[in-house]
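# only geometry, no sequence info:
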């Protein structure tokens, strides 16, 4: 599937083409406004693509799509519920619409640890508990596919770990497929089987977990008196990937050529103040791929 | 699917204060009318209590059951158009105000069923209000001791009031459409007020027979014409307004982007 969404003149999602495999956790990673929520809305038929189409569980999604959604659980952006109804009543509404058995409500309450708040009105819940209610709503009917937009929103650190473990157990024990969005790389780096990095509506990279590890790329950090001239000289000397960062140079794919870097720079009459191999962490990798901090 | 949607729509009204507010507001109608009737019958005592202001124009008002019922018809007809706008704005608009509209769209239950279920909930809500107010009106009328009561007068009066309530309901789906279009409470309420004003304006012109919001006051004899003299065309206009409102709401729910 390839899909686009244009709002007036703004292209929110630009010819996005991705596939999620059954049983995997796919994290859709991007900064705010990258097009994550727009994509999720198109997956659910909440908005219509202006180009292309989406398929969910093998069925093309359109405005009249219903049947396939019995097998999908979802949470889009802010967690919402009927404020005058209790947690249990809110879930009961979902249960009826999904045609799930009565026991499903108690099970979802248990799963999301909502027991103490089950008979409180949703309107008085804290942000974290509203999020738990929304997740319970998504899980209640034991869906095959979970589409979750920023599932860790509003949760405390313990809650985030809990959701991570829950999602992992759902995929391993029930074979559930998870498509989730996030703007925090650390949150998905240890959870997702594959990560799609999206920016300005385009899919920039799609990598699996093993590859992500490999891409915690090593580089050589170089301190010099004239970084700009040194960058030019290194490039001329055949170092393909040189970056200027906070007054230093980063030379990628050059761990084996440290002495060569020193020779070239010193030979050009530039003072060398620092020369050290370094590793790029996941966060800066993400920032580099998506074009840095704005 | 419709039954599922309908059941959940009723559940959503649980602990809702709005239902009680609407009942209190409408039940003030018979009380107000009865107060006028009492003032007409006992101007002396009313004046003593300061209830008969110099500006009060009660000329032509008879303190009788038929006159009481015709005013009641006005309350459920004209007041009903506003009250129904309020009810429909709540039933549809709350999904946008509470941010739950998106939760209705990707379900095994089609969107059309929610539109129809919500309209049925509004209809039943309205019917209960009218029924309660009619019973209340009968009790108050007896307490005030209006002359001219008979079973025929009561049945005829109640029948007219129900008819007015029914005709007013036919205009509700358009308000539902405005609610889904405007995604909130204010657009439908503003729309209803504007239509009420326009209906009043056109009521004195030749367009009245063709403008839905004028046809309601005409049909209940507010502008002097009894229901029997309305041309068939007027009823066709109201029926088309009803159907158009439903179709427009369904199409809006089905095809409009939800970016909430």
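Great, that's in hand. No experiment lies behind these values; they were computed from the predicted model shown.
# hey, let's count contacts and neighbours off CA atoms from now on
Noted.
# which of the residues in stretch A:252-261 are buried?
A:252, A:254, A:255, A:258, A:261 (16 or more other C-alpha atoms under 10 Å in any protein chain shown).
# Turn those into CSV, columns for pLDDT and secondary structure.
Below are the buried residues of stretch A:252-261 laid out as CSV (pLDDT from 0 to 100; DSSP: H, G, I helix; E, B strand; the rest coil):
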residue, pLDDT, secondary structure
A:252, 82, strand
A:254, 80, coil
A:255, 78, helix
A:258, 86, helix
A:261, 89, helix
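# Show me which of these is closest to chain B.
The closest of the buried residues of stretch A:252-261 to chain B turns out to be residue A:252 (C-alpha to the nearest C-alpha; 41.7 Å).
# and the closest one, what does it touch?
Taking C-alpha atoms under 8 Å, 6 or more residues apart in numbering or on different chains as the definition of contact, the neighbours of residue A:252 are A:217, A:218, A:219, A:220, A:239, A:240, A:241, A:242.
# would you list every one of the helices in the stretch 51-200 of chain B?
B:65-74, B:80-97, B:111-144, B:151-169, B:172-182, B:186-202 (DSSP state H, counting those that start in this stretch).
# Dump those into CSV; add distance to residue A:18 and mean neighbour count as well.
Formatted as CSV, the helices of the stretch 51-200 of chain B follow (distance: least, C-alpha to C-alpha, whole Å; neighbours: other C-alpha atoms under 10 Å in any protein chain shown):
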stretch, distance to residue A:18, mean neighbour count
helix B:65-74, 61, 22
helix B:80-97, 31, 24
helix B:111-144, 28, 19
helix B:151-169, 48, 19
helix B:172-182, 33, 25
helix B:186-202, 40, 18
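# Now the ones you listed in a markdown table, please, with extra columns for mean pLDDT.
Formatted as a markdown table, the helices of the stretch 51-200 of chain B follow (pLDDT from 0 to 100):
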| stretch | mean pLDDT |
| --- | --- |
| helix B:65-74 | 88 |
| helix B:80-97 | 95 |
| helix B:111-144 | 94 |
| helix B:151-169 | 89 |
| helix B:172-182 | 96 |
| helix B:186-202 | 92 |
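# Any chance of the ones you listed in TSV with distance to residue A:248 as columns?
Below are the helices of the stretch 51-200 of chain B laid out as TSV (distance: least, C-alpha to C-alpha, whole Å):
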stretch	distance to residue A:248
helix B:65-74	82
helix B:80-97	51
helix B:111-144	58
helix B:151-169	73
helix B:172-182	54
helix B:186-202	57
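# just so I know, which of these lies nearest residue A:38?
Shortest distance between residue A:38 and the helices of the stretch 51-200 of chain B, using C-alpha to C-alpha, is found for helix B:80-97: 18.2 Å.
# Just give me the neighbour total for the closest residue to chain A within the stretch 151-260 of chain B.
Using C-alpha to the nearest C-alpha, residue B:257 is the residue of the stretch 151-260 of chain B that sits closest to chain A, at 4.2 Å. For residue B:257, the neighbour count with other C-alpha atoms under 10 Å in any protein chain shown is 17.
# which ones are touching the nearest residue to it once chain neighbours are set aside?
Nearest residue to residue B:257 in three dimensions, chain neighbours excluded: residue A:47, at 4.2 Å (C-alpha to C-alpha, 6 or more residues apart in numbering or on different chains). Counting by C-alpha under 8 Å, 6+ apart, residue A:47 makes contact with A:38, A:41, B:256, B:257, B:258, B:259.
# next one: the lengthiest helix in chain A to chain centre, how far?
Ranked by residue count under DSSP state H, the longest helix found in chain A is helix A:157-174. Distance, stretch centre to chain centre, for helix A:157-174: 15 Å (C-alpha atoms, centre = their mean, to the nearest Å).
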